[in-house]
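Participant: Just a sequence and a predicted model for now, questions to come.
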Amino acid sequence: MDAILALVWTVIKITVIVLPLLLVVAYTTYAERKVIGFMQVRVGPNRVGYFGLLQPIADLVKLLNKEIIRPTMANKLLFLIAPVISVTTALVAWAVIPFDDYLVLANINAGLLYIFAITSLSAYGVLIAGWASNSKYALLGALRSAAQSISYEIAMGFALVGVMMAADSVNIREIVLAQSGGFFHWYWLPLLPLFMVFWISALAETNRAPFDVAEGESEIVAGFHVEYSGMTFGLFFLAEYMAMVLISVLCALLFWGGWLSPFQGVAHLDAFFAFVPGIVWLVLKSGFFLFAYLWFRATFPRYRYDQIMQLGWKVLIPITIVWIAVLAIAIQCQIRPWF
Amino acid sequence: MADLHNYTINFGPQHPAAHGVLRLILDMDGETIKSGDPHIGLLHRGTEKLAESKPYNHSIGYMDRLDYVSMMCNEHAYVKGIEKLLGVDVPERAQYIRVMFDEITRILNHLMWLGAHALDIGAMSVFLYCFREREDLLDCYEAVSGARMHAAYYRPGGVYRDLPDVMPQYEASRWHNDKQTAKRNENREGSLLDFIEDFCARFPGFVDEYETLLTDNRIWKQRTVDIGIVSPERAIELGFTGPMLRGSGVEWDLRKKQPYAVYDKLDFDIPIGVTGDCYDRYLVRVEELRQSCKLIKQCVDWLRANPGPVMSDNHKVAPPKREVMKEDMEAMIHHFKLFTEGYCVPEGETYSAIEHPKGEFGVYLVSDGSNKPYRLKVRASGFVHISALNEMISGHMLADVVTILSSQDIVFGEVDR
């Protein structure tokens, strides 16, 4: 009986996380179109609903109604399983994300490692999609994406090692709590190079501009999902945006103090903002990172595939390695207030 | 030993970066291009043959449709050829109007190129900024000719009609209320010349804006510097013209070397590149935007000060005024003859070339003395440039194909004709 109750309770918790998440994803696409539209002196969607607010819903209905076309000679099983893998990995990672102190589905000890493992798996979705499509464009996209994921995972992993060293924990809640003490106690400052590396690798990991060579619209058209239509494409789309949101939340959790108030330690402001629940701070902080995604997309040209590799291996990885050494010394010397 | 083949990719004709309908068969080794084989002709409309069956003036509209992003420049070459065969004089004011619109066309073309080039490299916003300015210039096209693209404005003997005294204005609509409309109409209160002058004042600022996004951008430089290098000697051997040749560092511009219309009376510089890579071609074209703006400004000043006829008074070639036609029998006959059989061009042949935004655009006309050309040959610079594509892309990567192709400023209307 207890087991069943626990199960039901977990399912309810999952629903409470997933439904708002889907809503956030839907409105991230809307925000993307509006924000980039604003940056590009146009208006963005403004026909469906007030200010185009129902546009994501309309898009969803359209995608659901479209035929799923399977190319001849494509491997049916793998072709259909690839988007499922993508979306699953993007969803499963949310299990260990704490939205506030104790507001988490599974507070496991190896939270950060779990996330790292799960996000790495998402490369399979892309790889399988590219291979199963039986299209040269898709295959090229998949190969690019695979190489890119592997290289940037190393840089990202090293950046995370720094965070783990600083917090002396792999549990995300403890990492956030280790940053308490106000704006200058967050890890963005002592781990600044790692923060930048993590942020850049996160862009690359999610295949977003300027690292979107796996999609490479002007070269390989849509890359790995060129043959997908209807909801199979929709799932890739969903997975991409969920990964974006996830990475933004992670940036906020690991480097910007998660749900902690930025006014901690500031005499009056701290008390004044005490009523704000932690989740609001988290949403605001991750909102900034999400906005940055859109901002970059509107600003930068796309890297070439080999240049991305160069950036990853010759710039980002050496930076992380050097900073981990610096960090080790800093921790040994117990530099306050961080270590 | 296994039988290994390189991977071939069919790039286009349905491809977002194929600039229309290029079909490119790429022979690849991984991501590296071994060779590329452009297949052209998917936009062939038989312009040259069509021109043989029509009176001379009917083909002006076809010229617009050759390179459909620099319409009036194409017309200029064709009309200039006919004038040369006929020996008709063109009033000076018409020459200035032509130069002004040639330069407006150059800006239109280069903006289109810049936007598409940036979009191909992934910088999406520049495309929309460029199109914002194109909008104003297309309004100028519309104001003089009634058409936003296929103007048919240049005619043998001058231009179709004089510049309008009023600039068309926006009207309020569901989407723009009166206040917004008034703001949009601010620079449209005066004549077309006022509007163009205002544009010239604003435009250098816009070019700065594009340059802020691109010129010193590290990613932009990584993507364009040392990509698709063509040495000056090789550029000449390949028959390059226009920014492609100047990007390689050869100082060659028909506006300076064989001045036509009134270019010899105007002050402008021609920018040249150093290394002949995509980045130099980009810099050359951006500088040409500024120079064209300068030229337009000079034309506007001259046109303000010097009113006069814009069409030859030789009514064997140019139609008489409509009100004269109502009263004068001779004018009536001229009008009737012109609009039924056109005019007969003396026997002979000519080659008339202009500095088109993309390079040298030439029209070779052979006349057998009838009212239709015996042969019309169009020399399109894009055709020459794309012939060199294989040489330029070999050894580069797939993403560079897109960069090089768009740095050539290819438009298939003129390549396929």
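Facilitator: Cool, the structure landed. Residues are numbered from 1 along each chain as shown, chains lettered A, B, ... in the order given.
Participant: quick one: what helix or strand has the residue in the stretch 301-417 of chain B that chain A sits nearest to in it?
Facilitator: Using CB to the nearest CB, the single residue of the stretch 301-417 of chain B nearest to chain A is B:Ala399, 4.5 Å away. The way it works is simple: take the backbone N, C-alpha and C, and place the C-beta from them, glycine included. Assigned by DSSP states H and E, B:Ala399 belongs to helix B:398-407.
Participant: so what does that helix touch, helix or strand wise?
Facilitator: Counting contacts by 3 or more CB pairs under 8 Å, 6 or more residues apart in numbering or on different chains; DSSP states H and E, the secondary-structure elements packed against helix B:398-407 are helix A:217-220, strand B:23-29, strand B:32-39, helix B:92-121, helix B:218-224, helix B:278-305, helix B:389-393.
Participant: Recalculate using a threshold of 7 Å.
Facilitator: Contacting helix B:398-407 under the criterion 3 or more CB pairs under 7 Å, 6 or more residues apart in numbering or on different chains; DSSP states H and E are the following elements: helix A:217-220, strand B:32-39, helix B:92-121, helix B:278-305, helix B:389-393.
Participant: Can I get the ones you listed in a markdown table including mean neighbour count, distance to A:Thr119 and mean pLDDT?
Facilitator: Shown next, in a markdown table, are these (neighbours: other CB atoms under 10 Å in any protein chain shown; distance: least, CB to CB, whole Å; pLDDT from 0 to 100):
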| stretch | mean neighbour count | distance to A:Thr119 | mean pLDDT |
| --- | --- | --- | --- |
| helix A:217-220 | 25 | 23 | 73 |
| strand B:32-39 | 18 | 30 | 88 |
| helix B:92-121 | 25 | 28 | 91 |
| helix B:278-305 | 21 | 36 | 91 |
| helix B:389-393 | 21 | 36 | 89 |
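Participant: neighbours around residue 242, how many?
Facilitator: Looking at chain A here, since you left the chain open. Residue crowding around A:Met242 was assessed by other CB atoms under 10 Å in any protein chain shown; the count is 25.
Participant: You answered for a different chain; I wanted chain B.
Facilitator: When neighbours are counted by other CB under 10 Å, B:Gly242 registers 27.
Participant: wait, what's in contact with it?
Facilitator: By CB atoms under 7 Å, 6 or more residues apart in numbering or on different chains, the contact set of B:Gly242 is B:356, B:358-360, B:381.
Participant: ok, 6 Å please
Facilitator: Contacts for B:Gly242 were tallied using CB atoms under 6 Å, 6 or more residues apart in numbering or on different chains; they are B:358-359, B:381.
Participant: Report how many residues lie close to the nearest residue to A:Gly216 once chain neighbours are set aside.
Facilitator: Taking CB to CB, 6 or more residues apart in numbering or on different chains as the measure, A:Gly216 lies nearest to A:Gly223, with 5.5 Å between them; neighbours along the chain are not counted. Counted with other CB under 10 Å, the neighbours of A:Gly223 add up to 26.
Participant: From B:Asn371, how far out is the residue nearest to the spatial centre of chain B?
Facilitator: The residue lying closest to the centre of chain B (CA atoms, centre = their mean) is B:Ser70, at 2.5 Å. With the distance defined as CB to CB, to the nearest Å, B:Ser70 ends up 28 Å from B:Asn371.
Participant: The helix or strand harbouring A:Ile308 packs against which elements?
Facilitator: When elements are defined using DSSP H and E, A:Ile308 is found to belong to helix A:305-310. Other elements packing on helix A:305-310 under the criterion 3 or more CB pairs under 6 Å, 6 or more residues apart in numbering or on different chains; DSSP states H and E are helix A:136-167.
Participant: The helix it packs on vs strand B:23-29, what angle?
Facilitator: Helix A:136-167 runs at 50 degrees relative to strand B:23-29, counting by axes from the mean of the first three to the mean of the last three CA atoms, to 10 degrees.
Participant: so where is chain B shaky, pLDDT-wise?
Facilitator: Applying pLDDT under 70 to chain B flags residues B:1-5.
Participant: Tell me who's in contact with the one residue in it that gets nearest to chain A.
Facilitator: Minimum separation of chain B from chain A (CB to the nearest CB) falls at B:Gly122, amounting to 2.7 Å. Residues near B:Gly122 by CB under 6 Å, 6+ apart: A:301-302.
Participant: A:Arg302 versus the residue of the stretch 301-417 of chain B closest to chain A, what's the distance?
Facilitator: Spatial separation of B:Ala399 from A:Arg302 under the definition CB to CB is 8 Å.
Participant: Contact partners for the closest residue to A:Ser151 other than its chain neighbours?
Facilitator: In space, and not counting its chain neighbours, A:Ser151 is closest to A:Gly312: 3.9 Å by CB to CB, 6+ apart. Under the criterion of CB under 6 Å, 6+ apart, the neighbours of A:Gly312 are A:151-152, A:155.
Participant: 10 Å instead?
Facilitator: By CB atoms under 10 Å, 6 or more residues apart in numbering or on different chains, A:Gly312 lies in contact with A:147-148, A:150-156, A:197, A:200-201, A:204, A:211.
Participant: Likewise for A:Gly52?
Facilitator: For A:Gly52, the set of contacting residues under the criterion of CB under 10 Å, 6+ apart consists of A:30, A:33-34, A:37, A:43-46, A:58.
Participant: in terms of contact, does A:Gly287 touch A:Ser248 like I think?
Facilitator: Yes. At 7.6 Å, A:Gly287 counts as touching A:Ser248 under the criterion of CB atoms under 10 Å.
Participant: the more surrounded of those two?
Facilitator: Using other CB under 10 Å as the criterion, A:Gly287 and A:Ser248 rank with A:Ser248 on top: 24 against 17.
Participant: ok, residue 255 - contacts?
Facilitator: This is for chain A. By CB under 10 Å, 6+ apart, the contact set of A:Phe255 is A:159, A:163, A:175, A:179, A:186-192, A:194-196, A:198-199, A:285, A:289.
Participant: Hmm, no, I was thinking of chain B.
Facilitator: With CB under 10 Å, 6+ apart as the criterion, the residues that contact B:Arg255 are B:99, B:102-103, B:106, B:261, B:263-264, B:266, B:268, B:270, B:291, B:295, B:354-355.
Participant: Show me what counts as buried in the one helix or strand it maps to.
Facilitator: Assignment of secondary structure by DSSP H and E places B:Arg255 within helix B:254-257. Judged by neighbour count using 16 or more other CB atoms under 10 Å in any protein chain shown, the buried positions of helix B:254-257 are B:254-255.
Participant: Can you give me the distance of the closest residue to chain B within the stretch 51-200 of chain A to A:Lys76?
Facilitator: Using CB to the nearest CB, the closest approach of the stretch 51-200 of chain A to chain B is made by A:Lys136 at 5.4 Å. With distances defined as CB to CB, the gap from A:Lys136 to A:Lys76 amounts to 19 Å.
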